[in-house]
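Visitor: From the sequence below, what's the structure:
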Amino acid sequence: MSVHNPDRPTAQWMADTGPPPVRLLLAGAEGQANELVGARAAGFPLELVIIDTAAPIDPSVLSGAAAAVVQVTEGDDRSTDRFKKLAEGPVPLIAAAYEPSMKLVRALVRAGAHDVVPLPLDPEELETALDPIRRIAAAQGPRARAGHQKIVTVIKSEGGIGATALLSQLALRFAANEAAAGREACLIDLDVQFGNAALQLGLQPSLTFSDLVEAGKRLDGDLLRSVATRHPSGLRVIGAPREIMPLEMLTSEQMLSIVDLAVSEYGTVLVDLPMNWTNWSLSLLARSDLVLLVTELRVPSLHRARRQLDLLGTQDMGNLEVRIVLNRTEKGFFRTLSESDAERVLKKPVSYCISNDHETMSQAIDRGIPIDQVKRKSPLCRDIDALERGLAGALGLER
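Guide: Purely as a prediction, here's the structure:
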């Protein structure tokens, strides 16, 4: 591990030979970090930059680096703001902090951290944190990295409200429009216990999400593409495991690594999260660019949705862009509640209303086809089209 003085000219930051380095921007080297001197992590040479945790960092310090580990002090706004500013640049960042709280971890992930590791640095933990970045870098070799990279997650107020069916049909439309623009999209079913998005789309994948988890350090872009099943619309689908997978056997690092790789391969990734909250699902939510909260226009469903929003607030994710989707809404005489009732309960505007057309949606699911092939001109089709246009607009995509 090289040690650099930040007062040296910026030209000194350029790597001369071999793979680009990972720069450790720390207030000092102590504990097991001393063992990293002269070593590598995940194949990257390490360079140490001694700098105070609150001192400004010129972005040129990261020039030529494959990634950087930046020390953050919890409770110090200067330190966290510095990290957020650096995260706006192209170099992948890992945050490092002493005994980081879960609130800090999620705030840093939301700011763009690929991972958060504790201090003093442990060589094994650093290796684990850098390995996903190594895989992404390797995947960029034979193929160009996707240019437009966004994560959209779908959460639901409760089970049985048709959120997965709605997401599946939305994903088909979105992927078809993206294909027309020369881009790709991927749907990942992370309901690892009861997910059936692939089945609802008429797909029976031979490989599923569990194969990505089992791959461990062997995971790369080629393997991910081999697991993603292609739908005729152009949508790539990574199906939920065939066998029920315990939620606690998965980690935030695994999930973020897989989703980050999918984003680098496909550009836009739509994620269906499970009903039960876990540390990894909250961490993934913090990384998202857009969240769709699906609920129904019923009192119990709306109050459960309100609890979901309250949870995000307690986890320092109140600034997430969350859009409310009212699914299976009735029209006219059959409606007992209104959109304004929903907004009063949720304390948030309703963005989209999806018509209740159980027969059309059921036929589409049973046959594994887009709903416009069942009934081309229907309120349900028009509502999903409007949702797709809104999604594209929120992501900065033309339609």
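
Visitor: List the contacts of Ala179.
Guide: Residues in contact with Ala179, defined by Cβ atoms under 8 Å, 6 or more residues apart in numbering, are 233-234. (C-beta placed from N, C-alpha, C; glycine too.)

Visitor: Give me the three-state assignment for it.
Guide: helix (DSSP: H, G, I helix; E, B strand; the rest coil).

Visitor: From Gly64, how far off is Leu207?
Guide: 37 Å (Cβ to Cβ, to the nearest Å).

Visitor: List the buried residues for stretch 91-110?
Guide: Going by neighbour count (16 or more other Cβ atoms under 10 Å), the buried part of stretch 91-110 is 91-97, 100, 104-110.

Visitor: how about it as CSV, C-alpha atoms only?
Guide: C-alpha atoms of stretch 91-110 as CSV (Å, rounded to 0.1, in the frame of the first residue of the first chain):
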residue,chain,number,x,y,z
VAL,A,91,-15.4,6.8,-9.0
PRO,A,92,-17.2,4.1,-6.9
LEU,A,93,-17.0,5.0,-3.1
ILE,A,94,-17.0,2.8,0.0
ALA,A,95,-17.6,4.6,3.3
ALA,A,96,-15.7,3.7,6.4
ALA,A,97,-16.7,4.7,10.0
TYR,A,98,-16.2,3.7,13.6
GLU,A,99,-19.2,1.7,14.8
PRO,A,100,-21.6,3.1,12.1
SER,A,101,-25.3,3.1,13.1
MET,A,102,-27.8,1.6,10.7
LYS,A,103,-29.2,5.1,10.2
LEU,A,104,-25.8,6.3,9.0
VAL,A,105,-25.3,3.2,6.8
ARG,A,106,-28.6,3.8,5.0
ALA,A,107,-27.9,7.5,4.6
LEU,A,108,-24.5,6.8,3.0
VAL,A,109,-26.0,4.1,0.8
ARG,A,110,-28.6,6.6,-0.3
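
Visitor: Contact partners for Ala342?
Guide: Counting by Cβ under 8 Å, 6+ apart, Ala342 touches 295, 297, 302, 324, 326, 350.

Visitor: who wins for neighbours among those residues?
Guide: Neighbour tally across the contacts of Ala342 (other Cβ atoms under 10 Å): the maximum, 28 neighbours, falls on Thr295.

Visitor: Shouldn't it be within a strand?
Guide: Yes: according to three-state DSSP, Thr295 belongs to a strand.

Visitor: pLDDT score for it?
Guide: Predicted confidence (pLDDT) for Thr295: 98.

Visitor: Which strand residues bridge it?
Guide: Note on Thr295: beta-bridge partners Leu326, judged by DSSP bridges.

Visitor: residue contacts, it?
Guide: Applying Cβ under 8 Å, 6+ apart, we find Thr295 in contact with 156-158, 161, 301-302, 304-305, 324-327, 342, 346.

Visitor: and those, which are buried?
Guide: Here, 16+ other Cβ under 10 Å leaves 156-158, 161, 301-302, 304-305, 324-327, 342, 346 buried among the contacts of Thr295.

Visitor: Same list, those, but as TSV with pLDDT, distance to Ile133 and secondary structure please.
Guide: Formatted as TSV, those follow (pLDDT from 0 to 100; distance: Cβ to Cβ, whole Å; DSSP: H, G, I helix; E, B strand; the rest coil):
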residue	pLDDT	distance to Ile133	secondary structure
Lys156	97	32	strand
Ser157	97	35	coil
Glu158	96	37	coil
Ile161	97	37	coil
Ser301	97	40	helix
Leu302	97	41	helix
Arg304	97	37	helix
Ala305	98	36	helix
Ile324	98	35	strand
Val325	98	34	strand
Leu326	98	40	strand
Asn327	98	38	strand
Ala342	97	42	helix
Leu346	97	38	helix
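
Visitor: returning to what we had before: can you put the contacts of Thr295 in a markdown table and add distance to Arg287?
Guide: Formatted as a markdown table, the contacts of Thr295 follow (distance: Cβ to Cβ, whole Å):
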| residue | distance to Arg287 |
| --- | --- |
| Lys156 | 19 |
| Ser157 | 22 |
| Glu158 | 24 |
| Ile161 | 24 |
| Ser301 | 26 |
| Leu302 | 27 |
| Arg304 | 24 |
| Ala305 | 21 |
| Ile324 | 21 |
| Val325 | 20 |
| Leu326 | 26 |
| Asn327 | 25 |
| Ala342 | 27 |
| Leu346 | 23 |
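
Visitor: which of those residues lies closest to Leu190?
Guide: Taking Cβ to Cβ as the measure, Leu190 sits nearest to Lys156 out of those, at 12.6 Å.

Visitor: Can you give me the distance of the closest residue to the closest one other than its chain neighbours to Leu292?
Guide: Residue nearest to Lys156 in three dimensions, not counting chain neighbours: Ala163, with 3.9 Å by Cβ to Cβ, 6 or more residues apart in numbering. Look at Ala163 and Leu292: by Cβ to Cβ, they are 8 Å apart.
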